[in-house]
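Undergrad: Coordinates only, no sequence provided:
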């Protein structure tokens, strides 16, 4: 039997049962849209999955029913999303995976893209100035993909099935095709001009007139299916050491690119140590550099712990002002300090309580503070970290939890499909600082810490985060939406912990975002006019927008039943199989 309910189906009472139970386990995943399906084995084992597309959720169900665990489900979803949600993610991109094992150990798997060996600090400068198109479209925009290597690693170490099985299932979908809906076509419409620049991309995603396929068209991807089957037959070596790497090198040589076969051969998945902090007696487990998410979610929360947010309504000017000021201070630090910790010194002190208390004193409750530059944490030179997007999560009743954010960066990435492979390539090189002080596609600025270097991984805002109470997970947050990922995660955590909201209530609150530069406070239009006027009076430069991000929740209550709630901004659905 399948029971379905719309976005706000998970009620407050169910959530509070979760929040107050030592057995509670909740994952909150932010995606464009949501499908959550718990699946039950005959032996009462269960799985909950969150993905952006029903076919990806179906793939997770099939993997689980055939003996897989939550890790298998997550990878099955990921490979299917590369087929049906290829404008967001795929094996031509990268990912961050945060895994909690049944024994409570956390593992952070870094499958982030890397700069090619021939990359150089000034590769995007022309006549002394950064040329944004070079890092956003075409050959120079592409980083060496890491997602497939990450999926292969986690399956071999933690899964129960083999990677080839998941690949063959996804290949069948690519061959048979899937029906394009309005959501897919909206994204396709945004990048028609970019796709027209690359014949192999246009041949797949545009019709004979070089215009987007109509709604209802069944998109078949024979080349991608063939690539998946080749990987299944010859292992990931086909991708990293064989035919695909060679095809990429040949295409790059003819199109002004830098990637060579050796870049693929040398690529390595990294295992990182998660960032940990405590916020009002809740432990926050976040993702470390080259993600800035874990560091700055922790930093913002540590600053806010010095303020009485309990007494501030979440839609009040006082609340928005205080949280915004904390965001500004953190993003100023992000622009200077953050980068790949394998290449630059990233201070652990950014996420310390002592440093947060110093920053909190800079916040004036009545007016905007002057933040001209970054601040400096204690022992910044000694205590260091060790050297468009989709989010999907899976959890099973054995205690495996997987939260993965995967991406090729902006819509359809670089626009490039390597000829004959069907694989859409990322444009993650735009996440480097092409030139210190020059904004990227998301308006973010960076400094030397995030400058381009051979083999280096670009800074990211992806923030898969799990929150524990008394050692047990109670919810997790992950997001899509560039730098707003960080602010979305912070707001969800505050609304649930400080304001005691159920997930559906928390996700329905007005969102806002400030990233220091540009100096503007993005606020959803639904915020009360009096609040906006008060923010302007305090010195904020407010810019109203329709919507910021999308959030979904999945959890398990004290009775062991999976519960969930979708973001009211999206088209998510909560579904239960029993």
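TA: Cool, got the structure. Every value quoted in this text rests on a predicted model; they were computed, and no experiment measured them.

Undergrad: Touching, residue 178 and residue 221? I think so.
TA: No - Residue 178 is beyond contact range of residue 221, at 9.3 Å (criterion: C-beta atoms under 8 Å). All C-beta atoms are positioned from the backbone trio N, CA, C, and that covers glycine.

Undergrad: of the two, who's got more company?
TA: In this comparison of residue 178 against residue 221, neighbours counted by other C-beta atoms under 10 Å, the higher total goes to residue 221 at 26 against 20.

Undergrad: which non-adjacent residue is nearest that one?
TA: Spatial nearest neighbour of residue 221, excluding adjacent residues (C-beta to C-beta, 6 or more residues apart in numbering): residue 174 at 4.4 Å.

Undergrad: residues in contact with residue 201?
TA: Neighbour list for residue 201: 195, 412, 415, 416, 417, 424 [criterion: C-beta atoms under 8 Å, 6 or more residues apart in numbering].

Undergrad: Using a markdown table, lay out those together with distance to residue 329.
TA: Compiled in a markdown table, the contacts of residue 201 are given as follows (distance: C-beta to C-beta, whole Å):
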| residue | distance to residue 329 |
| --- | --- |
| 195 | 40 |
| 412 | 35 |
| 415 | 36 |
| 416 | 38 |
| 417 | 42 |
| 424 | 37 |
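
Undergrad: Closest to residue 453 out of those residues?
TA: Out of the contacts of residue 201, the one with the shortest distance to residue 453 is residue 416. That distance is 22.5 Å, counting by C-beta to C-beta.

Undergrad: do you know how far that closest one is from residue 141?
TA: If you measure residue 416 against residue 141 using C-beta to C-beta, to the nearest Å, the figure is 8 Å.

Undergrad: okay, those two: which has more neighbours?
TA: When residue 416 is set against residue 141 and neighbours are counted by other C-beta under 10 Å, the residue ahead is residue 416, at 29 against 25.

Undergrad: leaving aside the residues next to it on the chain, what's closest to residue 398?
TA: For residue 398, the closest residue by C-beta to C-beta, 6+ apart turns out to be residue 102, at 5.7 Å.

Undergrad: Could you pull up the residues touching that neighbour?
TA: By C-beta under 8 Å, 6+ apart, residue 102 lies in contact with 398, 399, 400.

Undergrad: so what's the last one up against?
TA: Just to be clear, that refers to residue 400. Shown in contact with residue 400 (C-beta under 8 Å, 6+ apart): 69, 70, 71, 99, 100, 101, 102, 158, 394.

Undergrad: Among these, which one sits closest to residue 472?
TA: residue 100 (10.3 Å).

Undergrad: Can you give me the neighbour number for the closest one?
TA: A count of neighbours around residue 100, defined by other C-beta under 10 Å, yields 24.

Undergrad: what sits against it?
TA: In this structure, residue 100 makes contact with 106, 107, 399, 400, 401, 402, 466, 473, judged by C-beta under 8 Å, 6+ apart.

Undergrad: most neighbours, which of these?
TA: When those are compared by neighbour count (other C-beta under 10 Å), residue 402 ends up highest, at 29 neighbours.

Undergrad: Could you grab the helix/strand/coil label for that residue?
TA: Using DSSP: H, G, I helix; E, B strand; the rest coil, the secondary structure recorded for residue 402 is strand.

Undergrad: Over to the one 3 residues further on?
TA: For residue 405, the secondary-structure state derived from three-state DSSP is strand.

Undergrad: Just list whatever residues bridge to it.
TA: In this structure, residue 405 has beta-bridge partners residue 96, residue 391, where bridges are defined by DSSP bridges.

Undergrad: Do I have it right that it meets residue 391?
TA: Yes - in this structure, residue 405 sits in contact with residue 391. The criterion is C-beta under 8 Å, and the distance is 4.8 Å.

Undergrad: Counting neighbours, go ahead and name the busier of the two.
TA: Neighbour count, other C-beta under 10 Å: between residue 405 and residue 391, residue 391 has more, with 33 against 30.

Undergrad: Surely that one touches residue 403?
TA: Yes - contact criterion C-beta under 8 Å: residue 391 and residue 403 qualify, at 7.4 Å.

Undergrad: what's the neighbour count on the nearest residue to residue 292 once chain neighbours are set aside?
TA: Taking C-beta to C-beta, 6+ apart, and ignoring the residues beside it in sequence, residue 292 has residue 338 as its nearest neighbour in space, at 4.5 Å. Other residues near residue 338 come to 27 when the count uses other C-beta under 10 Å.

Undergrad: How confident was the prediction at residue 338?
TA: With respect to pLDDT, residue 338 scores 78.

Undergrad: I figured it hits residue 294, correct?
TA: No - the pair residue 338 and residue 294 fails to qualify as a contact (C-beta under 8 Å) at a distance of 10.7 Å.

Undergrad: Quick one: end-to-end distance for stretch 438-450.
TA: In terms of C-alpha to C-alpha, to the nearest Å, the two terminal residues of stretch 438-450 are separated by 12 Å.

Undergrad: Next, the buried residues of stretch 154-162.
TA: 154, 155, 158, 159, 161 (16 or more other C-beta atoms under 10 Å).

Undergrad: swap that for stretch 177-186, sorry
TA: In stretch 177-186, residues buried by neighbour count (16+ other C-beta under 10 Å) are 177, 178, 180, 183, 184, 185.

Undergrad: what about stretch 481-498, average pLDDT?
TA: 86.

Undergrad: May I see the buried residues of it?
TA: Applying 16+ other C-beta under 10 Å to stretch 481-498 flags 481-498 as buried.

Undergrad: tally of neighbours for the closest residue to residue 205 other than its chain neighbours?
TA: Excluding the flanking residues, the one nearest residue 205 by C-beta to C-beta, 6+ apart is residue 195, at 5.5 Å. Neighbours of residue 195 under the rule other C-beta under 10 Å: 24.

Undergrad: so where is the stretch 1-150 of the chain shaky, pLDDT-wise?
TA: Residues of the stretch 1-150 of the chain meeting the criterion pLDDT under 70: 1-43.

Undergrad: just to revisit the earlier point, with respect to residue 121, which of the contacts of residue 102 is nearest?
TA: Minimum distance to residue 121 across those is 41.4 Å, recorded for residue 400 (C-beta to C-beta).

Undergrad: Next, that closest one: phi, psi?
TA: Its backbone dihedrals place residue 400 at phi -80, psi 130, with angles given as degrees, to the nearest 10.

Undergrad: How about residue 394?
TA: Here the main-chain torsion angles of residue 394 (degrees, to the nearest 10) amount to phi -150, psi 150.

Undergrad: so it makes contact with residue 46?
TA: No - if you go by C-beta under 8 Å, residue 394 and residue 46 don't touch, sitting 11.3 Å apart.

Undergrad: So these two - more neighbours on which side?
TA: Each of residue 394 and residue 46 had its neighbours counted (other C-beta under 10 Å), and the higher figure belongs to residue 394 (33 against 20).

Undergrad: List the contacts of that one.
TA: Counting by C-beta under 8 Å, 6+ apart, residue 394 has contacts 47-50, 60, 70-71, 73-74, 77, 400-402.

Undergrad: will you turn these into a markdown table that also has distance to residue 321 and secondary structure?
TA: Output for the contacts of residue 394, formatted as a markdown table (distance: C-beta to C-beta, whole Å; DSSP: H, G, I helix; E, B strand; the rest coil):
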| residue | distance to residue 321 | secondary structure |
| --- | --- | --- |
| 47 | 42 | strand |
| 48 | 37 | strand |
| 49 | 39 | strand |
| 50 | 33 | strand |
| 60 | 42 | helix |
| 70 | 40 | helix |
| 71 | 42 | helix |
| 73 | 42 | helix |
| 74 | 39 | helix |
| 77 | 39 | helix |
| 400 | 41 | coil |
| 401 | 35 | strand |
| 402 | 37 | strand |
